[in-house]
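1. test case, fold it:
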Amino acid sequence: MYTYEYDTDTGGILLKDKPVEFSKEPRPVYAPELDLLGFDKYWNYDKQTDSPYMWAEANRYYYRGRLVAKLKGGNIYTAPEIILSTDEDGNIDAPEQNGSKLRPVNIKSMVEKNKKIIGRIEDVTVKRIKAIYDKYCDKLDCFHVAFSGGKDSVVLLELVRNTLPKGSYEVIFGDTGMEFPDTYMLISEIKTMCDDEKIPFHVAKSRLNPEESWKLFGPPSRVFRWCCSVHKTAPQVLKIREIIGKVDYKGLAFVGVRKHESLKRSEYEYENYNKKQKGQHFHNSILEWTSAEIWLYIYSQNLIINKAYKNGFNRVGCIYCPGSSEKDSFLKNILYPKELNKYIDIIVKSNKNPDSDFDYLIINNGWCLRPNGRDLVDNPVRYVDNADDKYLTIEINNPSSDWEQWIKTIEIDICMYSVTEMDGKYIAKIDVNYIKKNPTISKLFRQVFHKATSCINCEVCIANCLYKSIIFNENNLNIKDCIKCLKCHDIYSGCTRYESIRHPQGGNKVMNLDTFQTHVPEYGWFQSFFEKKDDYFTSHGLSDPKISKFRSFLISAGLKIDKKDKVTPFAELISRIGWDSDIAQGLIFVNLVNNNLQFKWYVKNLDIGEVYTKNALKNKLSLILTGKKDKAINHIIGDYKRLTVRTPLGTSLNFGHVTENDDFIRTKCSVPNRLVILYGLFKYAEKNGNKNISLSNLLDDDFESEAISPTRIFGIDGEEMEPILKGLSAKYPEFISATFALGLDKITLMEDKTSEDVLGLF
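-> Numbers count the residues shown, from 1 in each chain. Here you go, the predicted model:
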């Protein structure tokens, strides 16, 4: 909410009475962190843990307002390099002169100086919590605080405790089984406090232990974090059902999410419905708090601090997470080697790729980038589907569950398919013409057999089902009284485990990923092209490699006719709209993502708002490129930077940027015209061969799908997309019908319309 500065007097933080748009998220630095990273070699300080000595912003350390050190590099086994600050003459600028001891932050004085603003922040937040409770207290079955053991949830719980009456809410700790040992110590204290105050405290935990699930699903990755669904979301839903005694309960969760934690979270709102879990409300009560305010509130209320923060962690969570930083991995290996090594052992033993050595997998975090189950040991191909003119044929070896139960979850004409069972194998066939007339059946029929292939009762489907229709008795599946709401299909590939261990099908198109080879089009090329149009290729003035790559770009963008140097009607339209406008570039971007493998890779692999280091991108690309991969990898990474700086795709559409530190970020695009989204929807449907879709289909864009939804292309979330779809449906009913009712949604693109017809609307 407020800006801050470092206070040379107290050594602490001083909030300023003006709002902040972006916080650098300062955190206190205690003696244990300084010891673990090796600062004790340079600085003199007492080993006390009552007060911090300084503050850190990411890997930059500030002592009483001065930058005194930075960290660089490091990995799980190697400490980050300490770079001490120097003065203008190159001499080390020590925190204290003459080797004097560091002075701890004067917490009491710091709190007193910030008392007025912290009180104001607390009052505003308490009123929000009270208002949301009053709004729903007579309408919902339960309220609960989602407790993680981190600093934000400690603050959130304190605020709720001070606001709501006793007995009006529960506290639920989502125990993944992979938490920091320090977190479990804090949980014990919090539970004791809740018990003393008669606040119901519950632990939600998966039926699968983590080591078991890592072996069954393969290690989680940044591409697909199945662990969140299996070990957090589903167990918490099932725990609340157990508490309330009601499957279709309506509840509200108080969640400690904050905008300043990431670019992705910066667009969150205080209240949302249906976003994380169908039919449920969520309230992000401390959404606009910065970490400076969080820490000041903790100190002002003398709240319990997770010891992990004093050891140097910015966040607490799972002991071995695909999203961990190099510094965090190093600290975890020093502090929790026993807990860490059992997961490292699983990663190494589960990988069958002989080219993936230990250094790549563990030291360079290659394990975090696993895109599918191709490289998992003991993971033979068990599911294959093929289509010809007559049938879609699916073959399954060694199924894990009964297809006859899962088929009960979808509406299907039993005369249109057949299933043969023999020798531990299913062979299913479905009429292609039937699929064409009922496009959603293709996906759902496949998902039935995805479930049959891989289901081991991880309980994600059970948590999605509001009717208690999915029952496992000693792992024997029985589905009864199913109303075919398809909630159990509202999962990646229809089955969480299948998505994690699946084998990619089809040819290896990624070999052609390096489509530009550093010859990315530049602004002047576009300007000249749109000025000269058909005459451009007789007077372009570019070298052979450049004009060759520009030709390919223009063809992929739909601006030039293949093998003919003639512009398309689409190019004429773009020229009339204004070729460098965000609307024109949005239309071009849709074509590029659908037609160019390099653009498709950027959109598929870079999540909106996530920060990727150059090494992270190299690791991602090394998984799929072969041959002269180092050269191609450098080209693809370099091209991203060129595209964001040299073309209107970056400057007008704002599809991404590269920071001064060479970190790569894909950003939400600037798309002011909803017709661009409609064009993207038709392109998506045409590529999928299915004009009946749902919002969940668009948001859960299948990683292996040929088609890419406009939500993925432009970075639009569900809350923003729903009103866009409603608006398009109201204004262009001859093109699209979108309905949202009772937690269900249906989007139909009219059969007699095409993406070309959408362009006519411009």
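
2. Gly256 is in contact with Asp152, correct?
-> Yes - when contacts are counted by CB atoms under 8 Å, Asp152 is listed as touching Gly256 (3.6 Å). Placement of C-beta: from N, CA and C, glycine included.

3. more neighbours, the two?
-> Under the criterion of other CB atoms under 10 Å, the comparison of Asp152 against Gly256 puts Gly256 first, with 24 against 20.

4. just the pLDDT for the more buried one.
-> Listed pLDDT for Gly256 reads 94.

5. surely it is within a strand?
-> No - read with DSSP: H, G, I helix; E, B strand; the rest coil, Gly256 is coil and lies in no strand.

6. so what sits against both of Asp152 and Gly256?
-> Ile286 (CB atoms under 8 Å, 6 or more residues apart in numbering).

7. right, and Leu466 touches Asp248 too?
-> Yes - the criterion here is CB under 8 Å, and Leu466 meets it with Asp248 at 4.5 Å.

8. tell me which of those two has more neighbours.
-> Between Leu466 and Asp248, counted using other CB under 10 Å, Leu466 has the larger neighbour count: 16 against 12.

9. ramachandran coordinates for Gly256?
-> Phi and psi for Gly256, reported as degrees, to the nearest 10, are phi -90, psi 40.

10. ugh, wrong one, Ala738
-> Dihedral angles for Ala738 - degrees, to the nearest 10 - are phi -130, psi 120.

11. who's in contact with it?
-> Ala738 neighbours (CB under 8 Å, 6+ apart): 725-726, 728-729, 745-748.

12. recalculate using a threshold of 10 Å.
-> 681, 693-695, 721-722, 724-730, 745-749 (CB atoms under 10 Å, 6 or more residues apart in numbering).

13. how near is it to Lys668?
-> 21 Å (CB to CB, to the nearest Å).

14. show me the strands in the stretch 601-750 of the chain, by range?
-> Here the stretch 601-750 of the chain has its strands, by DSSP state E, counting those that start in this stretch, at 611-612, 656-658, 664-666, 692-693, 736-741, 744-749.

15. which elements pack onto the third one?
-> The helices and strands touching strand 664-666, judged by 3 or more CB pairs under 10 Å, 6 or more residues apart in numbering; DSSP states H and E, are helix 597-605, strand 611-612, helix 614-622, helix 629-646, strand 656-658.

16. possible to save those as a markdown table with mean neighbour count, mean pLDDT and distance to Ser325?
-> Listed next are the helices and strands packed on strand 664-666 as a markdown table, based on neighbours: other CB atoms under 10 Å; pLDDT from 0 to 100; distance: least, CB to CB, whole Å:
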| stretch | mean neighbour count | mean pLDDT | distance to Ser325 |
| --- | --- | --- | --- |
| helix 597-605 | 20 | 89 | 20 |
| strand 611-612 | 18 | 84 | 10 |
| helix 614-622 | 19 | 81 | 11 |
| helix 629-646 | 19 | 87 | 20 |
| strand 656-658 | 19 | 88 | 19 |
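
17. nearest residue to Gly650 in space, please, no chain neighbours.
-> With sequence-adjacent residues excluded and distances taken as CB to CB, 6 or more residues apart in numbering, Gly650 is closest to Thr644, at 3.4 Å.

18. how much space between that neighbour and Leu621?
-> Taken as CB to CB, the span from Thr644 to Leu621 is 18 Å.

19. tally of neighbours for Val237?
-> 23.

20. measure it to Glu25 for me?
-> For Val237 relative to Glu25 (CB to CB), the value is 30 Å.

21. try Val223
-> 26 Å.

22. run a quick neighbour tally on Pro80.
-> Using other CB under 10 Å: Pro80 sits among 19 other residues.

23. the bottom helix or strand of this structure by mean pLDDT?
-> Ranked by mean pLDDT, DSSP states H and E, the weakest helix or strand in the chain is helix 695-699, scoring a mean of 76.

24. what packs against that one?
-> helix 674-688, helix 710-714, helix 718-731, strand 744-749.

25. centre of the chain versus the longest one, how much separation?
-> It stands for helix 674-688. 23 Å (CA atoms, centre = their mean, to the nearest Å).
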